[in-house]
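J.: sequence unknown, structure follows:
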């Protein structure tokens, strides 16, 4: 059994604006193992992106707990949150929008290194170009602005920024859904390469069941805030236990 580096216990998330109450997550429990690719599948509104935002501290859960390397990361003080952000990085669907449009790509990467790892500005600038090379981009892309890159190139740059702090976990929240099929395949290939050489665990959140089936070790199926099915990729794809999962599979067959 591989080591569990992330454990979510009975996660509950309720949004209440005074007029409407939305139960985004309902007692969701799962774990992520070291060097594992765990796919989270669900339709819009299923709660899968809420999970990512809870793990990264963008939201605080209404109930339940999250453990990283055996330590609770819910409601941490600021310095402790910084340590978590170094270990857990997220890549978003809108890669261009995740960058400051007025700053060069290299500056955005070096800022992350300075803020989370305490790197000196001069050293971080040199490191930024090297990390771009690691994801298949030329070093001179450090001098480009986000709008000067294609969607696939910008997503590579976003992955370089995330990997620059050597995280234990990389969360990909619909990270390929805005790309064409060719660019999508290249990004997936890059992620699998980074997994092998950096031993990083990947939480891959998507609505694309065929895609996640090809890269995940295990799959979680979300529906209306509930975890309705989980298991190895082979088990979930070939022997689905719920009507909802069978419906998802039928939709792509």
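T.: Right, received. Where do you want to start? Please read all numbers here as calculations on a predicted model, not as lab measurements.

J.: going by C-alpha atoms from here, please, whenever you check contacts or count neighbours.
T.: Fine.

J.: mind showing which ranges of the stretch 101-250 of the chain have poor pLDDT?
T.: Within the stretch 101-250 of the chain, no stretch has pLDDT under 70.

J.: residues touching the residue nearest the centre of the chain, list them.
T.: Against the mean C-alpha coordinate of the chain, by Cα atoms, centre = their mean, the closest residue is residue 171 at 1.5 Å. By Cα atoms under 8 Å, 6 or more residues apart in numbering, residue 171 lies in contact with 52, 88-91, 202-205.

J.: can you name the residues bridging to it?
T.: Taking DSSP bridges, one obtains residue 90, residue 203 as the residues bridged to residue 171.

J.: quick revisit: format the contacts of residue 171 as a markdown table; extra columns: neighbour count and distance to residue 236.
T.: Converted to a markdown table, the contacts of residue 171 look like this (neighbours: other Cα atoms under 10 Å; distance: Cα to Cα, whole Å):
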| residue | neighbour count | distance to residue 236 |
| --- | --- | --- |
| 52 | 19 | 22 |
| 88 | 23 | 27 |
| 89 | 23 | 27 |
| 90 | 24 | 26 |
| 91 | 23 | 26 |
| 202 | 27 | 19 |
| 203 | 22 | 17 |
| 204 | 24 | 16 |
| 205 | 25 | 16 |
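
J.: quick one: which two of those residues are the most distant?
T.: 88 and 205 (14.6 Å; Cα to Cα).

J.: mind checking how far residue 170 is from residue 135?
T.: Relative to residue 135, residue 170 is positioned 14 Å away (Cα to Cα, to the nearest Å).

J.: swap that for residue 180, please
T.: Between residue 180 and residue 135 the distance is 18 Å, computed by Cα to Cα.

J.: all helices for the protein, in order.
T.: Taking DSSP state H, the helices of the chain run over residues 48-55, 78-87, 105-117, 121-134, 151-163, 181-198, 209-215, 233-238, 243-252.

J.: any idea how far the longest one is from the chain center?
T.: On the basis of Cα atoms, centre = their mean, to the nearest Å, helix 181-198 sits 13 Å off its chain's mean C-alpha point.

J.: what of the shortest one?
T.: Mean-position distance between helix 233-238 and its chain equals 22 Å (Cα atoms, centre = their mean).

J.: what's that helix in contact with?
T.: 213, 216-219, 229-230, 245, 249.

J.: tell me the contacts of the residue nearest to residue 136 when sequence neighbours are not counted?
T.: Nearest non-adjacent residue to residue 136, counting by Cα to Cα, 6 or more residues apart in numbering: residue 156, 7.6 Å away. Neighbouring residues of residue 156 by Cα under 8 Å, 6+ apart: 132, 135-137, 187.

J.: and residue 50, by the same measure?
T.: 24-25, 59 are the contacts of residue 50 under Cα under 8 Å, 6+ apart.
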